[in-house]
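Asker: Everything below, folded, please.
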Amino acid sequence: MSFIAVVPARLASARLPEKPLLDLCGKPMVVRTAERARASAASRVLVATDHPRVQAAAAEHGFEGLLTRADHPTGTDRLAEVVQRLALPDDTVLVNVQGDEPLIEPDLIDAVAQLLLNDPAAAIATCASRITALETLLNPNVVKVVCDHAGRALYFSRAPIPWARDAFARRPDTLPDDLNALHHIGLYAYRAGFLRRFGMLAQGPLERWESLEQLRALENGHAIAVHVTDRHPPPGVDTADDLERARLLMAASLI
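Answerer: Model (predicted):
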């Protein structure tokens with residue numbers, strides 16, 4: 001298995017200023033994320049950022065950093081620039097390991113890369129875990145995905161999908177045991193050839209309404225393969241509370 005792990009990291013963050021550089025048990029968060037990527041089977045780990053300070057932090061800890069444009073609307077667009085700048089062959093597989101996921105499991109990175117390598121008809125591979133609590137299904141901050149019988153994504157939404165109409169009519173406060181609802185995990189594998197085309201794809205109404213970039217691929221007819229894992233990874237870092245939780249979890253793992 002051969003793939004490149006790319007950690008996109010944008011310095012500005014409305015909810016958590018300078019998020020990639022925040023301390024996480026002695027190292028910047030972007031470095032902790034890159035370390036998780038390095039523990040995977042990736043042949044190369046690259047931090048793609050919009051700011052020289054993040055690039056310098058990566059280099060200080062032995063990671064390759066690439067300075068990219070500041071106007072990318074999504075991490076996928078930033079990876080597309082990486083592909084162009086490095087002139088990567090179309091069949092190169094890249095895994096987008098988001099810079100605010102410092103606790104991501106390396107074997108999950110490997111699983112998503114392997115899924116794409118095994119599925120030449122898919123443009124993207126991603127992952128999900130089963131939802132076991134009603135409040136998770138109903139939470140609009142939790143992205144859900146529904147798949148076909150082949151494990152390809154049919155749709156991603158912040159809405160509670162699938163909706164068990166009859167079961168919820170009988171017991172609106174109970175998640176049905178047989179409801180195969182999936183919590184999408186924002187980890188993606190792409191081929192370089194698809195990333196070259198991604199920026200030229202039209203942004204459709206579904207992506208704009210849901211604010212989910214993966215819908216751009218579905219709206220334009222590209223298949224997304226989904227790996228379902230038995231365990232959901234620890235949450236990423238979006239808020240100060242998330243950061244403190246990540247610090248506690250990482251400190252416990254380093255003891």
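Asker: all strands of the stretch 151-255 of the chain, in order?
Answerer: Ranges of strands in the stretch 151-255 of the chain, per DSSP state E, counting those that start in this stretch, are 153-157, 182-191, 224-229.
Asker: and among the ones you listed, the most buried is which?
Answerer: The highest average neighbour count among those, using mean count of other C-beta atoms under 10 Å, belongs to strand 182-191 at a mean of 23. C-beta here means a position set from N, CA and C on the backbone, and glycine is covered the same way.
Asker: Okay, now the sheet partners of that one, with direction.
Answerer: Strand pairing for strand 182-191, using DSSP bridges, gives strand 93-96 (antiparallel), strand 124-130 (antiparallel), strand 144-147 (antiparallel).
Asker: Dump the strands of the stretch 151-255 of the chain into CSV; add distance to residue 105 and mean pLDDT as well.
Answerer: Putting the strands of the stretch 151-255 of the chain into CSV (distance: least, C-beta to C-beta, whole Å; pLDDT from 0 to 100) gives the following:
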stretch, distance to residue 105, mean pLDDT
strand 153-157, 21, 98
strand 182-191, 10, 96
strand 224-229, 8, 97
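Asker: and of these, who's closest to residue 30?
Answerer: Residue 30 lies closest, by C-beta to C-beta, to one member of those: strand 182-191, at 15.9 Å.
Asker: separation between the residue lying farthest from the centre of the chain and residue 189?
Answerer: Most distant from the centre of the chain: residue 170, at 35.7 Å, with distances by C-alpha atoms, centre = their mean. For residue 170, the distance to residue 189 equals 40 Å [C-beta to C-beta, to the nearest Å].
Asker: quick one, which of the strands paired with strand 182-191 is packed in tightest?
Answerer: Of all these, strand 93-96 has the most neighbours on average by mean count of other C-beta under 10 Å, namely a mean of 26.
Asker: Toward the C-terminus, what is the element adjacent to it?
Answerer: Per DSSP states H and E, the first helix or strand lying C-terminal to strand 93-96 is helix 106-118.
Asker: Can you list the buried residues in that following helix?
Answerer: Buried positions in helix 106-118, judged by neighbour count with 16 or more other C-beta atoms under 10 Å: 106, 108, 109, 110, 111, 112, 113, 114, 115, 116, 117.
Asker: Need the residues that contact that helix.
Answerer: Residues outside helix 106-118 that contact it (C-beta atoms under 8 Å, 6 or more residues apart in numbering) are 1, 3, 5, 36-37, 39-42, 93, 95, 97, 122, 124-127, 185, 187-191, 225, 227, 229, 233.
Asker: ends of stretch 141-155, how far apart?
Answerer: 16 Å (C-alpha to C-alpha, to the nearest Å).
Asker: Contacts for it, please.
Answerer: Applying C-beta under 8 Å, 6+ apart, the contact partners of stretch 141-155 are 122, 126, 128, 131, 136-137, 156-162, 181-184, 186, 212, 214-215, 218, 223-228.
Asker: Go again with 7 Å.
Answerer: Applying C-beta atoms under 7 Å, 6 or more residues apart in numbering, the contact partners of stretch 141-155 are 128, 136, 156-158, 160-162, 181-184, 212, 218, 223-226.
Asker: same check, this time on stretch 22-42
Answerer: For stretch 22-42, contacts defined as C-beta under 7 Å, 6+ apart pick out 1, 3-5, 7, 9, 19-21, 45, 47, 54, 57-58, 61, 63, 95, 97, 99-102, 104, 106, 109-110, 237, 243, 246-247, 250-251, 254.
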